[in-house]
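S.K.: Here is the input, now give the coordinates:
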Amino acid sequence: MTVRRKRLGIKGEEEAFKYLKKIGYRVICRNYTCAIGEIDLIALDRGVIVFVEVRSHSSAEYGLPQESVTKRKQHKLRQLAWQYLITHGKTDSTCRFDVIGILFDMEDGVSRLDHITNAF
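M.R.: Residues are numbered from 1 along each chain as shown. Okay, the predicted model is just below:
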């Protein structure tokens, strides 16, 4: 991964974090990591645990960022979420998966932010 791409990913996660707070979510974990991978953000939305995948691109030339969340990635996120729920004793909790896609302009400003609730 290039330095610019890594920086864009970090900036995208920060923008998503600020956006979620603004709309009333309570972010309870950033970059949850375990042996099988990482979840970008975990938040609470009116008592529902929300696992959030953030995707950032610098252009829509190859499609919108959220379109890059493949079936394989969805499967991995489900595994990670289950691990989180087990580890934190929350296996009876209601949860869902959201995707936030962020497009940045040439100056790394947000030109578009799409929030897909209950994405899969």
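S.K.: And the strands in this protein, which stretches?
M.R.: 26-34, 37-45, 48-57, 95-104, 110-116 (DSSP state E).
S.K.: Need the contact partners of the last one.
M.R.: Defining contact as C-beta atoms under 8 Å, 6 or more residues apart in numbering, one finds that strand 110-116 is touched by 15-16, 19, 23, 64-66, 98-105. Using the backbone N, CA and C atoms, a C-beta is placed for each residue, glycine as well.
S.K.: Quick one: distance of it to the chain centre.
M.R.: 12 Å (C-alpha atoms, centre = their mean, to the nearest Å).
S.K.: Would you give the sheet partners of it, along with the direction of each?
M.R.: Strand 110-116 pairs in its sheet with strand 95-104 (antiparallel), by DSSP bridges.
S.K.: would you put the C-alpha positions of the strand it pairs with in CSV?
M.R.: Extracted in CSV, the C-alpha atoms of strand 95-104 (Å, rounded to 0.1, in the frame of the first residue of the first chain):
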residue,chain,number,x,y,z
CYS,A,95,-26.3,-5.5,15.4
ARG,A,96,-25.9,-4.5,11.8
PHE,A,97,-23.3,-3.6,9.2
ASP,A,98,-23.0,-0.1,7.7
VAL,A,99,-20.6,1.0,4.9
ILE,A,100,-19.4,4.6,4.5
GLY,A,101,-17.8,5.5,1.2
ILE,A,102,-15.8,8.7,0.9
LEU,A,103,-14.5,10.4,-2.2
PHE,A,104,-11.8,13.0,-1.8
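S.K.: Now do the same for the residue positioned nearest the centre of the chain: its pLDDT.
M.R.: Centroid-nearest residue in the chain, with C-alpha atoms, centre = their mean: residue 53, separated by 2.1 Å. We note a pLDDT of 98 for residue 53 in this prediction.
S.K.: Quickly list what it is bridged to.
M.R.: Counting by DSSP bridges, the residues bridging with residue 53 are residue 99.
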